[in-house]
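In: The sequence and its predicted three-dimensional model are supplied below.
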Amino acid sequence: MLELMTCAEMAAADGRTIAGGTPGIVLMERAGQAVAERVLAGVAGPQRIAVLCGPGNNGGDGFVVARLLAAAGHDVAVHALVPPDRLTGDAAEAARGWQGEVLPLAGWRADGVDIIVDAIFGAGLARDIAAPLDAVIAAVNAASAQVVAVDVPSGIDGDTGTVRGCAVRADETVTFARRKPGHLLLPGREHCGRVHVADIGIADATVAALDVRTAANAPGLWRDKLPRPDAAGHKYKRGHLVVASGGPARTGAARLAARAGLRAGAGLVTVASPPAAVAINAGHLTAIMVRAVDGAEQLADLLTDARFSALVLGPALGIGEETRRMVEVAAAARRHLVLDADALTSFSNNLAGLWQVVTSAAPAGVVLTPHEGEFARLFGEAGGVAQARSKLERARAAAAASGAVVVLKGPDTVIAAPDGRAAINENAPPWLATAGTGDVLAGIIGGLMAQEMPTFVAACAGVWMHGAAAAAFGPGLIAEDLPEMLPQVWRTLLD
Ligand SMILES: NC(=O)C1=CN([C@@H]2O[C@H](COP(=O)(O)OP(=O)(O)OC[C@H]3O[C@@H](n4cnc5c(N)ncnc54)[C@H](O)[C@@H]3O)[C@@H](O)[C@H]2O)[C@H](O)CC1
Ligand SMILES: [K+]
């Protein structure tokens with residue numbers, strides 16, 4: 001159930017189910033029942049309920065909800081954008097099932113209402129919400145009533161999570177068959193409240209036949225590919241991660257990444273340190289080794305030893321030609337690469353150079369871990385990125401343009417592979433936004449890749465473990481705390 005379906009994919013699934021013999025009105029009835037059940041869960045005694053219906057099938061769902069809630073003895077008022085005789089298809093049939101009055105939606109006010117059912121727009125939102133509907137949305141959001149949205153809060157684009165002019169802020173959202181990307185991407189996620197996925201009879205086989213390429217990032221996506229310690233294993237079997245350090249005043253980032261890589265399970269980790277910083281790195285490290293490596297040439301020498309299986313390059317490494325050369329050397333050695341921070345910035349506006357790195361690293365994998373600013377500098381001009389309608393599609397376009405797995409970080413981190421697969425992460429707590437946590441993420445992913453976890457799922461697992469570690473620690477987290485929370489996260493994954 002991890003697939004995330006776009007509005008078009010959902011409509012296609014609908015269509016195939018209807019073609020398979022389930023009338024659309026039956027799907028609408030089931031949708032309405034699921035919403036009515038959610039509205040009634042936890043209420044005691046009769047409620048004053050306003051059901052706000054739009055001009056399409058989202059509104060049709062609303063008419064079903066209104067009928068069921070009235071039949072359950074509640075005081076239900078229906079306010080509709082268009083009179084029932086202007087509805088068509090299943091929505092018209094659902095409206096005929098409503099025996100009560102249909103009041104106008106324009107000018108509606110929430111006075112004295114306990115519950116509001118938002119059935120104005122769902123998957124069919126096609127443009128920004130304008131007057132007079134914006135006043136209705138404002139009245140919903142100003143009300144003290146419980147707000148339950150049907151399928152998608154009205155005003156939220158189900159595919160992109162963006163607000164189209166204005167949008168309902170719901171306490172709960174009931175969607176159907178699978179969640180949409182807009183339920184996980186910001187700000188859509190914040191407008192949904194708690195999202196419930198109702199089964200309305202869309203078969204899993206129907207979803208599978210659509211070859212959906214987007215998923216919610218969760219252990220179910222990659223748990224079976226996690227490296228697992230085995231009795232016969234020894235540290236050399238679990239790979240050797242190299243993290244390049246910056247100069248004497250900028251060594252902490254590499255150590256954060258290195259410790260994260262070790263906690264992620266890499267058998268050995270070495271900090272490749274400029275000679276001037278060896279003493280300071282060595283003074284802080286115990287299980288992690290330090291090697292004096294002065295620039296790209298000496299990194300190339302180090303990598304003649306094939307046991308160094310993965311590298312994290314970028315954290316506080318310095319921006320410029322030498323960093324670019326180190327990246328190219330590591331790629332030429334065909335080692336798994338995580339490029340973060342300064343390594344990304346060193347390829348700003350040089351997508352061709354980045355493509356060359358990814359190509360020469362193959363078949364080893366490359367993961368880029370930009371935040372939004374680094375992403376813009378890397379991919380600002382890339383084909384497909386500028387036209388992308390959502391963070392999900394921007395990450396997808398960047399993965400296709402670079403040939404690398406792209407982790408576009410944020411509260412709704414998107415992980416995208418060049419082959420079109422993508423996952424949206426939703427477990428990152430707000431306190432993860434603190435200095436150095438990006439270094440830790442790069443290290444976790446590097447540690448998993450050092451153990452030969454396939455590139456895309458290593459990035460997905462790393463992002464999820466990073467968020468889970470932060471959630472386990474709680475507010476007040478600083479980057480150094482994160483690697484120490486990984487054993488607890490591992491236990492939840494390997495039990
Ligand atoms: N399997 C399922 O997912 C099922 C979903 N159902 C519900 O159907 C809607 C989608 O219905 P649709 O008619 O395609 O779209 P909407 O009802 O969301 O609205 C489209 C309607 O509104 C007009 N419109 C769009 N944007 C605006 C705007 N900004 N201002 C004014 N008018 C606008 C547009 O022209 C259309 O007329 C889905 O969300 C589910 O709730 C099925 O009922 C059950 C199966
Ligand atoms: K809605």
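Out: Structure received. Numbers count the residues shown, from 1 in each chain. Ligands and ions are numbered 1, 2, ... in the order given.
In: switch to C-alpha atoms for all contacts and neighbour counts from now on
Out: Noted.
In: mind checking the longest helix of this structure?
Out: In the chain, taking DSSP state H as the definition, the longest helix is helix 455-473.
In: Domain-wise, how is the chain divided?
Out: 7-212, 219-494 (automatic domain parsing).
In: Ok, which of these comes nearest ligand 1?
Out: Of all the domains of the chain, domain 7-212 sits nearest to ligand 1, with 3.2 Å by C-alpha to the nearest ligand atom.
In: State the mean pLDDT of the closest one.
Out: If you average the pLDDT over domain 7-212, you get 97.
In: can you give me the end-to-end distance of it?
Out: Using C-alpha to C-alpha, to the nearest Å, the end-to-end distance of domain 7-212 comes to 12 Å.
In: and that domain, how far from the chain's centre?
Out: 24 Å (C-alpha atoms, centre = their mean, to the nearest Å).
In: anything in that domain near ligand 1?
Out: Yes - Domain 7-212 reaches ligand 1 (C-alpha under 6 Å from any ligand atom) through 10, 14, 27-28, 31, 55-59, 61, 121-129, 150-151, 176.
In: Among these, name the buried ones.
Out: 10, 14, 27-28, 31, 55-59, 61, 121-125, 129, 150-151, 176 (16 or more other C-alpha atoms under 10 Å).
In: Which ones among those residues map onto helices?
Out: Among those, the members falling in helices (DSSP H) are M10, D14, L27, M28, A31, N57, N58, G59, D61.
In: how about the helices in the stretch 151-300 of the chain?
Out: With DSSP state H, counting those that start in this stretch as the criterion, the stretch 151-300 of the chain has helices at 188-192, 204-209, 252-263, 278-284, 296-302.
In: Give the full set of residues in contact with the nearest residue to G60 once chain neighbours are set aside.
Out: Computed as C-alpha to C-alpha, 6 or more residues apart in numbering, the closest residue to G60 that is not its neighbour in sequence is A91, at 3.9 Å. Listed by C-alpha atoms under 8 Å, 6 or more residues apart in numbering, the contact set of A91 reads G56, N57, G59, G60, D61, F63.
In: Turn these into TSV, columns for distance to T251.
Out: Output for those, formatted as TSV (distance: C-alpha to C-alpha, whole Å):
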residue	distance to T251
G56	59
N57	58
G59	58
G60	60
D61	58
F63	62
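In: tell me which element the residue nearest to G60 falls in.
Out: Counting by DSSP states H and E, the element that carries A91 is helix 89-96.
In: Next, the buried residues of whichever helix or strand comes after that helix.
Out: Remark: after helix 89-96, the chain's next helix or strand is strand 102-104, criterion DSSP H and E. For strand 102-104, the neighbour count (16+ other C-alpha under 10 Å) marks V102 as buried.
In: CA atoms of the helix or strand just after strand 102-104 as CSV?
Out: For strand 102-104, the following helix or strand on the C-terminal side (DSSP H and E) is strand 115-119. This file holds the C-alpha atoms of strand 115-119, laid out as CSV (Å, rounded to 0.1, in the frame of the first residue of the first chain):
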residue,chain,number,x,y,z
ILE,A,115,-18.7,19.3,11.7
ILE,A,116,-17.9,20.5,8.2
VAL,A,117,-17.5,18.0,5.4
ASP,A,118,-15.4,19.5,2.6
ALA,A,119,-16.6,17.9,-0.7
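In: What are the contacting residues of strand 115-119?
Out: Contacts with strand 115-119, where a contact means C-alpha under 8 Å, 6+ apart, come from 39, 47-54, 58-62, 140, 145-150, 153-154, 168.
In: run the last query once more with 7 Å
Out: 48-54, 58-59, 61-62, 145-150, 153-154 (C-alpha atoms under 7 Å, 6 or more residues apart in numbering).
In: do that strand and ligand 2 meet at all?
Out: Yes - counting by C-alpha under 5 Å from the ion, ligand 2 has neighbours in strand 115-119: D118, A119.
In: Can you name the next helix or strand after that strand?
Out: Downstream of strand 115-119, the next assigned helix or strand under DSSP H and E is helix 133-142.
In: Run through who's touching that next one.
Out: The contact list for helix 133-142, computed with C-alpha under 7 Å, 6+ apart, reads A106, G107, W108, R109, A110, C166, A167, V168, R169.
In: Then stretch 478-494?
Out: Stretch 478-494 has contacts (C-alpha under 7 Å, 6+ apart) with 223, 256, 259-260, 263, 434-437, 465, 468-470, 473.
In: With stretch 61-74 instead?
Out: Residues contacting stretch 61-74 (C-alpha under 7 Å, 6+ apart): 28-29, 31-33, 35-36, 46-48, 51, 53, 76, 78, 94-95, 97-98, 119.
In: about what we covered before: which members of the contacts of stretch 478-494 are classed as buried?
Out: L256, R259, A260, R263, G436, T437, M465, A468, A469, A470, F473.
In: would you list these in JSON lines and tack on distance to ligand 2 and pLDDT?
Out: JSON lines is the format used below for those (distance: C-alpha to the ion, whole Å; pLDDT from 0 to 100):
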{"residue": "L256", "distance to ligand 2": "44", "pLDDT": "98"}
{"residue": "R259", "distance to ligand 2": "46", "pLDDT": "98"}
{"residue": "A260", "distance to ligand 2": "43", "pLDDT": "98"}
{"residue": "R263", "distance to ligand 2": "44", "pLDDT": "98"}
{"residue": "G436", "distance to ligand 2": "40", "pLDDT": "97"}
{"residue": "T437", "distance to ligand 2": "37", "pLDDT": "98"}
{"residue": "M465", "distance to ligand 2": "33", "pLDDT": "98"}
{"residue": "A468", "distance to ligand 2": "31", "pLDDT": "98"}
{"residue": "A469", "distance to ligand 2": "34", "pLDDT": "98"}
{"residue": "A470", "distance to ligand 2": "33", "pLDDT": "98"}
{"residue": "F473", "distance to ligand 2": "36", "pLDDT": "97"}
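In: which among the residues you listed gets closest to A423?
Out: The shortest approach to A423 among the buried ones among the contacts of stretch 478-494 belongs to M465, at 14.1 Å (C-alpha to C-alpha).
In: Next, give phi and psi for the closest residue to the closest one other than its chain neighbours.
Out: In space, and not counting its chain neighbours, M465 is closest to V489: 6.5 Å by C-alpha to C-alpha, 6+ apart. Main-chain dihedrals, V489, degrees, to the nearest 10: phi -70, psi -40.
In: mind putting the contacts of helix 133-142 in JSON lines, distance to ligand 2 included?
Out: Listed next are these as JSON lines, based on distance: C-alpha to the ion, whole Å:
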{"residue": "A106", "distance to ligand 2": "16"}
{"residue": "G107", "distance to ligand 2": "18"}
{"residue": "W108", "distance to ligand 2": "16"}
{"residue": "R109", "distance to ligand 2": "17"}
{"residue": "A110", "distance to ligand 2": "17"}
{"residue": "C166", "distance to ligand 2": "13"}
{"residue": "A167", "distance to ligand 2": "9"}
{"residue": "V168", "distance to ligand 2": "8"}
{"residue": "R169", "distance to ligand 2": "10"}
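In: Kindly supply the ChimeraX command isolating those of those that are buried.
Out: Applying 16+ other C-alpha under 10 Å to the contacts of helix 133-142, the buried members can be selected in ChimeraX as follows:
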select :106,108,109,110,166,167,168,169
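In: before we move on, back to that, which one of the domains of the chain lies nearest to M1?
Out: The nearest among the domains of the chain, by C-alpha to C-alpha, is domain 7-212 at 6.8 Å.
In: which helices and strands does the helix or strand hosting R325 pack with?
Out: Assigned by DSSP H and E, R325 belongs to helix 321-332. Applying 3 or more C-alpha pairs under 7 Å, 6 or more residues apart in numbering; DSSP states H and E, we find helix 321-332 packed against helix 296-302, helix 351-361.
In: want to throw those into CSV with mean neighbour count?
Out: As requested, the helices and strands packed on helix 321-332 are arranged in CSV below (neighbours: other C-alpha atoms under 10 Å):
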stretch, mean neighbour count
helix 296-302, 16
helix 351-361, 19
